[in-house]
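# Just need the structure, nothing else, for what follows:
(4 chains)
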Protein chains: 2
Amino acid sequence: MKKTAAKPHFSEIAQELTEAITSGRYPVGSVLPGELELCGLYNTSRHTVRAALQELQQLGLVSRKKNAGTRVESAAPKNDFRPSLSSLEDLIQFGSSNVRVVQSIEETTASGELAKALGCAGGSRWLRISSLRVDSASQRPVGWTDVYVDPLYAEIGEVVRASPDTLVSTLIERRYGRHVAEIRQVIRAMTIGEEMARALQVSPGMAGLEILRQYFDAAGQIFEVSLTVHPADRFAVAMRLQRSAA
Amino acid sequence: MKKTAAKPHFSEIAQELTEAITSGRYPVGSVLPGELELCGLYNTSRHTVRAALQELQQLGLVSRKKNAGTRVESAAPKNDFRPSLSSLEDLIQFGSSNVRVVQSIEETTASGELAKALGCAGGSRWLRISSLRVDSASQRPVGWTDVYVDPLYAEIGEVVRASPDTLVSTLIERRYGRHVAEIRQVIRAMTIGEEMARALQVSPGMAGLEILRQYFDAAGQIFEVSLTVHPADRFAVAMRLQRSAA
DNA sequence: ATTAAATACATGTCCGGACATATTGAGTCT
DNA sequence: AGACTCAATATGTCCGGACATGTATTTAAT
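This next block holds a predicted model:
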């Protein structure tokens, strides 16, 4: 018996069983041989067989119950990854910490382009809070942010100025009790224009990272939108995706 | 002797260790006692200790290496925000589907810059699979991808060519049984150089989106790295984050 | 026939041992 | 110092056994 690769025995068994399942030899809903039976089939110990079965279980291919044996649950390993992060702040990883410096707060009318970005009807009114994110260490700007909120929340302006290190959405949650149920995020590359370049202290035409975030409440209503631009060399978005638990 | 709660001994040990880590008694970066040492501490067998450690490993709390012991990697965050997305493929959203067209497959040595990006020691050998992602509708290239895998998986080359619409990581899973447990992703903006611009059929100096992905197995070992560049106007990364129901 | 108790069974937990393998670090030699 | 060899060491893999526990089936009682 020749081993094709230097691989743990239990891993090979797991692979064979996986293939047997994906190929349909063990259909979904069927129960595959018991542990002792598999021990005989692969001429190995129960410990090894269990290690293999555990792998299948982690992939969500099978489920196991005390006297019912191991049941095939799915024909394909779940390719279902979900980000694992403690909080939203962790999603955006700056080199070091940074603070928000509010530049202007004014009411505007969403038209055309902006309205589409905000996912709302054209002509609706919004309160725009423009701010600069400045790295606390180097004092250089790392990003420009326009936050759009319902004019109803006008008073939030002062609070935002007073709390330079808290997300606007968190402030709204705290003050108005409108909770974020879902966030949609789009990340794209863009070219930094002249005006923006001046604000960010970079040369125009440079590559930048644009992040659009829409904040939805439980009713599915957008109540905050943020649009951020970061110079290419001063920012990156990092995240971890873990296979979701069975 | 009446125990207070749910019994499995290894589970209790796992819980105690988890608490010890979250409380900071074992700080991130530190190495906790060896298996035999823990056997003595908890007065149990090595098998049981290993079962407990395996649990911590699956939670992403620790990583284990052959002679380096068990290292604390994370301080157990309480999953406040529970972002969700359907699958990895959905994570990269473009208008329509696209196909991979392999350009070249060759062995290279990771040096300096690349080694750092790959998160490995300099001088190590990797198999590089360069490919172009082409939009099926417009037939225009939407991205250039360099996938780096262990030269051990050299045969994967043919398979990759044959399956132009499947992720390389999925192909490795199927063929070699090495499963992805975690993906780390970094997104940044960059400027597209001359060579790359030619390949992507855009003008040089244009802004581009660079996505670095590192694929880890259950043991915390990197076994695949992909580096993708997308022209600014042809690609965006979209995702939804949902608050966990709790 | 319906319900309740006894029983067989498959997986779960745990033990103590053995050898394999890879990484570390000390010692050795240019 | 630097490159190399080699042994110590901690984890990885695997064995064969033992008893516990929950689930299903069978059997007995209502």
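# Check which element follows the worst-scoring helix or strand of chain A on mean pLDDT along the chain.
Ranking every helix and strand in chain A by mean pLDDT, DSSP states H and E puts helix A:88-91 at the bottom, with a mean of 42. Of the helices and strands lying after helix A:88-91 in sequence (DSSP states H and E), the nearest is strand A:98-109.
# which strands and helices sit next to that next one?
With contacts defined as 3 or more C-beta pairs under 8 Å, 6 or more residues apart in numbering or on different chains; DSSP states H and E, the packing partners of strand A:98-109 are strand A:125-135, helix A:156-162. Every residue, glycine included, has its C-beta placed from N, CA and C.
# Give the partner strands of the longest one in its sheet and their orientations.
Spelled out, that is strand A:125-135. strand A:98-109 (antiparallel), strand A:141-149 (antiparallel) (DSSP bridges).
# per-domain residue ranges of chain A.
For chain A, automatic domain parsing gives the domain ranges A:9-72, A:88-242.
# Determine which of the ones you listed shows the lowest mean per-residue pLDDT.
For those, mean pLDDT drops lowest on domain A:88-242, to a mean of 83.
# Is it correct that residue A:198 falls within a helix?
Yes: Residue A:198: assigned to a helix according to DSSP: H, G, I helix; E, B strand; the rest coil.
# Show me which residues of chain A are close to DNA strand C?
By C-beta under 7 Å from any atom of the strand, the residues of chain A that approach DNA strand C are A:6, A:34-36, A:46-47, A:50, A:53, A:64-67, A:69-70.
# Now the two most distant members of those residues.
The span of the residues of chain A next to DNA strand C, defined through C-beta to C-beta, is set by A:6 and A:67 at 37.2 Å.
# Output the strands paired with strand A:125-135 in TSV; the columns should cover mean neighbour count.
Converted to TSV, the strands paired with strand A:125-135 look like this (neighbours: other C-beta atoms under 10 Å in any protein chain shown):
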stretch	mean neighbour count
strand A:98-109	14
strand A:141-149	22
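# Just give me the neighbour total for the nearest residue to residue A:231 once chain neighbours are set aside.
Spatially, and ignoring its direct neighbours in sequence, residue A:231 is nearest to residue A:202 (4.9 Å; C-beta to C-beta, 6 or more residues apart in numbering or on different chains). Using other C-beta atoms under 10 Å in any protein chain shown, residue A:202 has 19 neighbouring residues.
# which other residues reach stretch A:141-149?
Stretch A:141-149 is contacted from outside by A:94-95, A:98, A:100, A:110, A:118, A:126-135, A:156, A:160, A:168, A:172, A:196, A:199-201, A:223-231, A:234-235, using C-beta atoms under 8 Å, 6 or more residues apart in numbering or on different chains.
# next one: stretch A:69-77
Contacts of stretch A:69-77 (C-beta under 8 Å, 6+ apart): A:18, A:21-22, A:24, A:26-34, A:53, A:56-57, A:59-65, B:173, B:179.
# What residues of that stretch count as buried?
A:69, A:70, A:71, A:72, A:73, A:74, A:77 (16 or more other C-beta atoms under 10 Å in any protein chain shown).
# do you know how far the first one is from residue A:31?
Applying C-beta to C-beta, to the nearest Å, one obtains 4 Å for the distance of residue A:69 from residue A:31.
# ok, back up a step: as a markdown table, the buried residues of stretch A:69-77 with secondary structure would be great.
Shown next, in a markdown table, are the buried residues of stretch A:69-77 (three-state DSSP):
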| residue | secondary structure |
| --- | --- |
| A:69 | strand |
| A:70 | strand |
| A:71 | strand |
| A:72 | strand |
| A:73 | coil |
| A:74 | coil |
| A:77 | coil |
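# and the closest residue to residue A:126 other than its chain neighbours, what are its bridge partners?
In space, and not counting its chain neighbours, residue A:126 is closest to residue A:148: 4.4 Å by C-beta to C-beta, 6+ apart. Beta bridges link residue A:148 to residue A:128, residue A:225, judged by DSSP bridges.
# Need the contact partners of stretch A:46-59.
For stretch A:46-59, contacts defined as C-beta under 8 Å, 6+ apart pick out A:9-11, A:13-14, A:17-18, A:21, A:35-36, A:38-39, A:42, A:62-64, A:70, A:77-78, A:246, B:58, B:179, B:218.
# Take those and keep only those in helices.
Those of the contacts of stretch A:46-59 mapping onto helices are A:9-11, A:13-14, A:17-18, A:21, A:35-36, A:38-39, A:42, B:58, per DSSP state H.
# Tell me the one of the residues you listed nearest residue A:183?
residue B:58 (27.3 Å).
# Get me the contact residues on chain A for DNA strand D.
Residues of chain A lying near DNA strand D by C-beta under 7 Å from any atom of the strand: A:8-11, A:44-48, A:51, A:65-68.
# Now the buried members of these.
Neighbour counting with 16+ other C-beta under 10 Å marks A:9, A:10, A:11, A:44, A:48, A:51 as buried within those.
# Quick check: the two most widely separated of these?
Within these, A:11 and A:44 form the most distant pair, 12.1 Å apart (C-beta to C-beta).
# what sits against residue A:67?
Counting by C-beta under 8 Å, 6+ apart, residue A:67 touches no other residue.
# near chain B at all, stretch A:10-17?
Yes: Stretch A:10-17 is in contact with chain B by C-beta under 8 Å from any C-beta of the partner chain, via A:11, A:12, A:14, A:15.
# Quickly note the distance from the residue nearest to residue A:168 when sequence neighbours are not counted to chain B.
Distances taken as C-beta to C-beta, 6+ apart put residue A:147 closest to residue A:168, at 5.0 Å, once the chain neighbours are dropped. Residue A:147 is 17 Å from chain B, where distance means C-beta to the nearest C-beta, to the nearest Å.
# With residue A:170 instead?
11 Å.
# That residue: helix or strand, and which one exactly?
Going by DSSP H and E, residue A:170 is part of helix A:168-176.
# Can you list the buried residues in that helix?
Applying 16+ other C-beta under 10 Å to helix A:168-176 flags A:168, A:169, A:171, A:172 as buried.
# now the angle from that helix to strand A:125-135?
Computed with axes from the mean of the first three to the mean of the last three C-alpha atoms, to 10 degrees, the direction of helix A:168-176 lies at 120 degrees from that of strand A:125-135.
# Helix A:168-176: how far from the chain's middle?
Remark: helix A:168-176 is offset 21 Å from the chain centroid, using C-alpha atoms, centre = their mean, to the nearest Å.
# Distance from whichever helix or strand comes after it to the middle of the chain?
Downstream of helix A:168-176, the first helix or strand assigned by DSSP H and E is strand A:182-191. Centroid separation for strand A:182-191 versus its chain: 12 Å, with C-alpha atoms, centre = their mean.
# Given strand A:182-191, what are its sheet partners and their directions?
When pairing is defined by DSSP bridges, strand A:182-191 lines up against strand A:207-216 (antiparallel), strand B:236-242 (antiparallel).
# circling back: dump the strands paired with strand A:125-135 to CSV, plus distance to residue B:143.
Compiled in CSV, the strands paired with strand A:125-135 are given as follows (distance: least, C-beta to C-beta, whole Å):
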stretch, distance to residue B:143
strand A:98-109, 30
strand A:141-149, 24
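# So for residue B:240, which of those strands sits nearest?
Closest to residue B:240 of the strands paired with strand A:125-135, according to C-beta to C-beta: strand A:141-149, at 19.1 Å.
# Am I right that residue A:110 is in contact with residue A:127?
No: applying C-beta atoms under 8 Å as the test, residue A:110 and residue A:127 come out as separate, 11.0 Å apart.
# Tell me which residues of stretch A:13-20 come out buried.
Neighbour-count burial for stretch A:13-20 [16+ other C-beta under 10 Å]: A:13, A:14, A:15, A:17, A:18.
# got a list of contacts for it?
In this structure, residues lying in contact with stretch A:13-20 by C-beta under 8 Å, 6+ apart are A:26, A:32, A:38, A:42, A:44, A:48-49, A:51-53, A:55-56, A:59, A:61, A:77, B:176-177.
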